[in-house]
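Novice: with the input below, show me the fold.
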Amino acid sequence: MTDRAASAPIEDYALIGDCETAALVGRDGSIDWLCWPRFDSGACFAALLGGPEHGRWRIAPSDAHGRAERRYRGDTLVLETTFETPDGAAAVIDFMPPGGDADLVRLVVGRRGRVRMRTELTIRFDYGASVPWVFRLADGALCAIAGPDMLVLRSPVPLRGENLTTVGEFVVEAGETVAFDLTHAPSHLPPPQPTDSAAALAGTEAFWRGWTSRCIPVGPWTEAVKRSLIVLKALTYSATGGIVAAPTTSLPEELGGTRNWDYRFCWLRDSAFTLLALIDAGYTEEAAAWRDWLLRAAAGSPSQMQIMYGLAGERYLPERELPWLPGYAGSRPVRVGNAAAGQFQLDVYGEVMDAMFQAVRAGLPPHPQGWGVAGALLEHIERVWTEPDEGIWEVRGPRQNFTHSKVMAWVAVDRAVRSAERFGHAGPIERWRRLREAIHRDVCAQGYDAALGSFVQAYGSKQLDASLLLLPIVGFLPPEDPRIRGTVAAVERRLMVDGLVRRYDTAAVDDGLPPGEGTFLACSFWLADNYALQGRLTEARALFERLLALRNDVGLLAEMYDPVAGRQVGNFPQAFSHVALVNTALNLARARGPAEQRAH
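Specialist: Predicted coordinates for the structure are as follows:
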């Protein structure tokens, strides 16, 4: 695809959201991605994965020669894009008010002179597949309906239909405000009532400023941490406390490639990192909500525990392809749902156990069912820890005995022992201690290659894996251990590209997919954490500052970065990248950051 929406750099987008769903807004004033009413609903704007004909909403000057600058209004998720033209300047203010109706509000404000503007709204439900029936309501509002979905647009601008798109032209002069309010509602209900756009803007700004004011200072990186925390809050489904990995699906890990996945779900793997980031930054309420979501989702038989769940803990997440969408920059297939939900990944048991341990140690009230869940998990781990799995990177090739997976099984048992010792919980502590030691011996014997001087990706392998950087962070071995130092050095030699870290060599590992992807940003943050743990603070800060420089102009990070193309790749914005940013900032700003907390 050559269309701008399909090929513009991912970092050209900014995020707005209401803690129920989110939208991506381009530099040119075009909203190219939005699912309503939830993150995982069918998109009504899917131009990001196809083109304008698959749904978008653009408001911009009619004069194509203008230039645009954008910013978030302070510590909020209210986006302001200012367009300068030969005749004047106008700002488009985009936001989604938290709570209440599902509104997307766009205010066009005249700043200087007079500016001719144009709005183009193309609504396509079901990821660009369904053209809605569009008609006028009695009050003049525009209503679009297809199946269960209804959108209602209210604006004083005269609108008309052109080629299945709603368009309108208007002029805004200095001091004037022209409001557009798009509201989603179930189609079987009466149309939603009009929104007071000025009050909605004031309420939205107050919500975000009040929330960010709770952030604990993090030295010179406080503003970067605040923006990352705003992203995490925006990716939180407020009804349940679950945090989605990203608000998008199928943004490619390699431009034109096939590694395109749906990330609009909640991963257990992110548990402990996310919990510590929230707690250490001052957000214990959100941390408790995440912990409670985690325990509800994982409830039931441990043998049936999944690696990811839906926003409310849904377990059935079937993966399918959408052939009518050509994909971002021609990256096919476009996938909805995620088949990795059915994989066996041993490491998630360690993440859940560590999250529960860290929550209680940080002072969160113990969950009444927490220790019962822990006991059941430990019984299951005793039976399955020797089995091969798909691992942290969810490979679609053969199962292996991944070193990181075994280490996280050790973490699960270690946290159970430490919980019993520290908090007085009852359990077969001596048996758990013996199991902990057995797993540790097994990993050191089979996961370490003396000839390489490094731990390896899987037992019997000669390949490196960036997940090995987590070994000192979770406390498996101290950072000064020669085996850890050797592993860090091996990662530096073999997995770094232009100063950033790849997950592993996709050309050398049978992961069931064609090779090729960018460097993984969270892994690069983990390397900075290792530098800090080893006392290499100058290198840690330099790498951290390099990573901060990769953020786009409004502070957002995708999952990966392609150093050859000089572009962000992968789903965007990525919660895991922003969690890693927060934790590394805390590690550098404090004597005892999240890496020290997890390790001891």
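
Novice: and the longest strand along the chain, what does it pack onto?
Specialist: Secondary structure of the chain read by DSSP state E shows that its longest strand is strand 102-122. Judged by 3 or more C-beta pairs under 8 Å, 6 or more residues apart in numbering; DSSP states H and E, the packing partners of strand 102-122 are strand 56-61, strand 79-85, strand 88-95, strand 165-173, strand 177-186, helix 197-212. Heads up, the C-betas are built off the backbone N, CA and C, glycines and all.

Novice: for A102, find the nearest of these.
Specialist: Taking C-beta to C-beta, strand 177-186 is the member of those nearest to A102, at 4.2 Å.

Novice: centre of the chain versus that closest one, how much separation?
Specialist: Mean-position distance between strand 177-186 and its chain equals 26 Å (C-alpha atoms, centre = their mean, to the nearest Å).

Novice: mind listing what that strand pairs with, with the direction of each?
Specialist: Within its sheet, strand 177-186 is paired with strand 102-122 (antiparallel), strand 149-154 (antiparallel), according to DSSP bridges.

Novice: for it, list every residue counted as buried.
Specialist: Residues 178-185 are the ones in strand 177-186 that count as buried (16 or more other C-beta atoms under 10 Å).

Novice: now swap in stretch 320-329 and tell me
Specialist: Across stretch 320-329, burial judged by 16+ other C-beta under 10 Å covers 322, 325-329.

Novice: mind picking the two most distant members of those residues?
Specialist: Greatest spacing in those, by C-beta to C-beta: L322 and A329 (15.9 Å).

Novice: want to throw the helices and strands packed on strand 102-122 into CSV with mean pLDDT and distance to W410?
Specialist: Shown next, in CSV, are those (pLDDT from 0 to 100; distance: least, C-beta to C-beta, whole Å):
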stretch, mean pLDDT, distance to W410
strand 56-61, 97, 49
strand 79-85, 97, 44
strand 88-95, 97, 46
strand 165-173, 98, 57
strand 177-186, 97, 47
helix 197-212, 97, 37
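
Novice: for the ones you listed, give me CSV that also has distance to G310.
Specialist: What follows is the helices and strands packed on strand 102-122, written out as CSV (distance: least, C-beta to C-beta, whole Å):
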stretch, distance to G310
strand 56-61, 26
strand 79-85, 28
strand 88-95, 26
strand 165-173, 32
strand 177-186, 19
helix 197-212, 25
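
Novice: show me where the stretch 301-450 of the chain has its helices.
Specialist: Secondary structure of the stretch 301-450 of the chain by DSSP state H, counting those that start in this stretch: the helices cover 347-361, 370-384, 403-423, 429-446.

Novice: rounded mean pLDDT for the third one, please.
Specialist: The predicted model assigns helix 403-423 a mean pLDDT of 96.

Novice: what's the angle from that helix to helix 429-446?
Specialist: Put simply, helix 403-423 runs at 150 degrees to helix 429-446, going by axes from the mean of the first three to the mean of the last three C-alpha atoms, to 10 degrees.

Novice: how close does the closest residue to P514 other than its chain neighbours get to G516?
Specialist: Leaving aside its chain neighbours, P514 sits nearest to T258 (5.9 Å; criterion: C-beta to C-beta, 6 or more residues apart in numbering). Going from T258 to G516 by C-beta to C-beta, to the nearest Å gives 9 Å.

Novice: could you chop the protein up by domain?
Specialist: If you go by automatic domain parsing, the domain ranges for the chain are 4-211, 214-599.

Novice: C444: how many residues sit nearby?
Specialist: By other C-beta atoms under 10 Å, the residues close to C444 number 13.

Novice: let me see the contact set for it.
Specialist: The contact partners of C444, by C-beta atoms under 8 Å, 6 or more residues apart in numbering, come to R483.

Novice: surely L278 is in a helix?
Specialist: Yes - L278: assigned to a helix according to DSSP: H, G, I helix; E, B strand; the rest coil.

Novice: and the pLDDT at the residue nearest to P514?
Specialist: pLDDT, T258: 94.

Novice: list the buried residues of stretch 284-296.
Specialist: 284, 286-296.

Novice: mind picking the two most distant members of the residues you listed?
Specialist: Greatest spatial distance among the buried residues of stretch 284-296 (C-beta to C-beta): T284 and R296, at 18.5 Å.

Novice: and the helices of the stretch 301-450 of the chain as TSV, adding distance to I123?
Specialist: Shown next, in TSV, are the helices of the stretch 301-450 of the chain (distance: least, C-beta to C-beta, whole Å):
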stretch	distance to I123
helix 347-361	39
helix 370-384	44
helix 403-423	44
helix 429-446	54
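
Novice: check the ones you listed for me and report the most buried one.
Specialist: Mean neighbour count, computed with mean count of other C-beta atoms under 10 Å, is highest for helix 347-361 among the helices of the stretch 301-450 of the chain, reaching a mean of 25.

Novice: if you average pLDDT over it, what comes out?
Specialist: Averaging pLDDT along helix 347-361 yields 92.

Novice: what does stretch 537-553 give?
Specialist: Mean pLDDT, stretch 537-553: 98.

Novice: now do the contacts for D511.
Specialist: Residues counted as contacts of D511 (C-beta under 8 Å, 6+ apart) are 393, 395-397.

Novice: surely it is within a helix?
Specialist: No - D511: not assigned to a helix; according to three-state DSSP it is coil.
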